[in-house]
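A.B. asks: Sequence and predicted structure, then a few things I'm wondering about:
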Amino acid sequence: MRRKAFLAVVLASGVGLLAAGAVASSAIFSTHTANATIITVVAGKPSELRFQLSKSTKLKVGTYTFKVTNRGLGFHTFKFCTAPVKTAAKNTCVGKVTKTLHPGQTASFTVKITKAGKYEYLCSIPGHAAGGMKGLIGVGVAVKPAPPPPTTTSTTPTTTSGGPPTANGCPFGTPPGTTIGSDEDGDESDAIGKDDADGCL
C-alpha cells in the first residue's frame with residue numbers, strides 16, 4: 001500500500017514538473033516573440049529592383065522580425081546576411097531568407113543580432129542583387145539608405161521611322177537594351193544603318 005502511494009506521489013510530481021516546464025517554455029517563447037522589433041520590408045518598390053525598409057539605421061542589438069511584402073511585378077526574396085560587412089558590395093551571402101514571393105505575397109522571419117555592425121540584405125533571385133536590390137542595415141552604427149533607382153528622362157527619337165516613343169525614347173514594345181538579332185527598334189537611319197544611341201538597341 002505504501003509503495004502504491006509512493007508511486008502515485010512520484011507520478012503526480014513528474015506530471016507537475018512537465019506542466020511547469022511547458023509553461024516556462026511557453027513563457028520564454030512568448031517573451032522572445034513579444035520583444036522582437038518589427039521591420040516592415042516592401043520588395044519591388046520604389047522600383048522593381050529595390051527594397052523599402054521601415055528601419056535600417058542605428059538599430060539596437062536585439063531581436064528583429066522582418067515582415068516582407070512583394071509589391072513588385074516579378075518574383076523576389078528578402079535575405080538578411082548574418083555576418084557584418086563594411087559595404088554592400090556582395091551579391092550573395094550566408095543568412096536567413098524568405099521563400100520566393102510572388103507579387104502580393106508576404107512572409108516573415110525573426111533573427112537575433114548580438115553584435116553591432118553593418119549587415120547586408122539582398123534579394124537572392126539571380127541577378128537581382130547585382131541589379132541593385134540590396135542595401136545595408138546598421139546595428140549600433142549609422143548607414144546611408146539604399147541609393148534611389150535611376151531616373152529616366154524623356155527623349156525624342158532622332159528619326160521618325162520608328163513607332164511612337166515611350167518615356168525613355170524607345171518605340172512601344174521595345175525595352176531599352178533589347179536586341180533581337182540586330183538593331184531592330186526601327187528608329188535608326190536606314191542610310192546610316194547603325195544605332196542612334198538613344199538607349200534602344
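C.D. replies: Perfect, I can see it now.
A.B. asks: Show me how the protein divides into domains.
C.D. replies: Following automatic domain parsing, one gets these domains for the chain: 37-139, 152-201.
A.B. asks: contacting residues around stretch 84-92?
C.D. replies: 81, 115-120, 122, 124, 129-130, 134-136, 146 (C-beta atoms under 8 Å, 6 or more residues apart in numbering). From N, CA and C alone the C-beta is placed, and that goes for glycine too.
A.B. asks: From these, keep the buried residues only.
C.D. replies: C81, G117, K118, Y119, E120, L122, S124, A129, K134, G135, L136, A146 (16 or more other C-beta atoms under 10 Å).
A.B. asks: Narrow the residues you listed to those in helices?
C.D. replies: The helices, defined by DSSP state H, take in nothing from those.
A.B. asks: can you put those residues in JSON lines and add distance to T92 and pLDDT?
C.D. replies: Putting the buried ones among the contacts of stretch 84-92 into JSON lines (distance: C-beta to C-beta, whole Å; pLDDT from 0 to 100) gives the following:
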{"residue": "C81", "distance to T92": "9", "pLDDT": "97"}
{"residue": "G117", "distance to T92": "19", "pLDDT": "96"}
{"residue": "K118", "distance to T92": "17", "pLDDT": "96"}
{"residue": "Y119", "distance to T92": "14", "pLDDT": "97"}
{"residue": "E120", "distance to T92": "10", "pLDDT": "96"}
{"residue": "L122", "distance to T92": "8", "pLDDT": "97"}
{"residue": "S124", "distance to T92": "7", "pLDDT": "96"}
{"residue": "A129", "distance to T92": "7", "pLDDT": "95"}
{"residue": "K134", "distance to T92": "10", "pLDDT": "95"}
{"residue": "G135", "distance to T92": "15", "pLDDT": "95"}
{"residue": "L136", "distance to T92": "15", "pLDDT": "96"}
{"residue": "A146", "distance to T92": "17", "pLDDT": "68"}
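A.B. asks: about what we covered before: lowest average pLDDT across the domains of the chain?
C.D. replies: Lowest mean pLDDT within these: domain 152-201, a mean of 42.
A.B. asks: Which residue, neighbours along the chain excluded, lies closest to L59?
C.D. replies: Spatial nearest neighbour of L59, chain neighbours left out: V139 (4.8 Å); criterion: C-beta to C-beta, 6 or more residues apart in numbering.
A.B. asks: Run a quick neighbour tally on the one you found.
C.D. replies: 21 (other C-beta atoms under 10 Å).
A.B. asks: picking that back up, and the buried ones among the contacts of stretch 84-92, which two are furthest apart?
C.D. replies: Greatest spacing in these, by C-beta to C-beta: G117 and S124 (20.9 Å).
A.B. asks: S124: what's it in contact with?
C.D. replies: T77, K79, T92, V97.
A.B. asks: so can I have TSV of the residues you listed showing distance to G104 and neighbour count?
C.D. replies: Shown next, in TSV, are those (distance: C-beta to C-beta, whole Å; neighbours: other C-beta atoms under 10 Å):
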residue	distance to G104	neighbour count
T77	15	20
K79	20	23
T92	26	14
V97	19	19
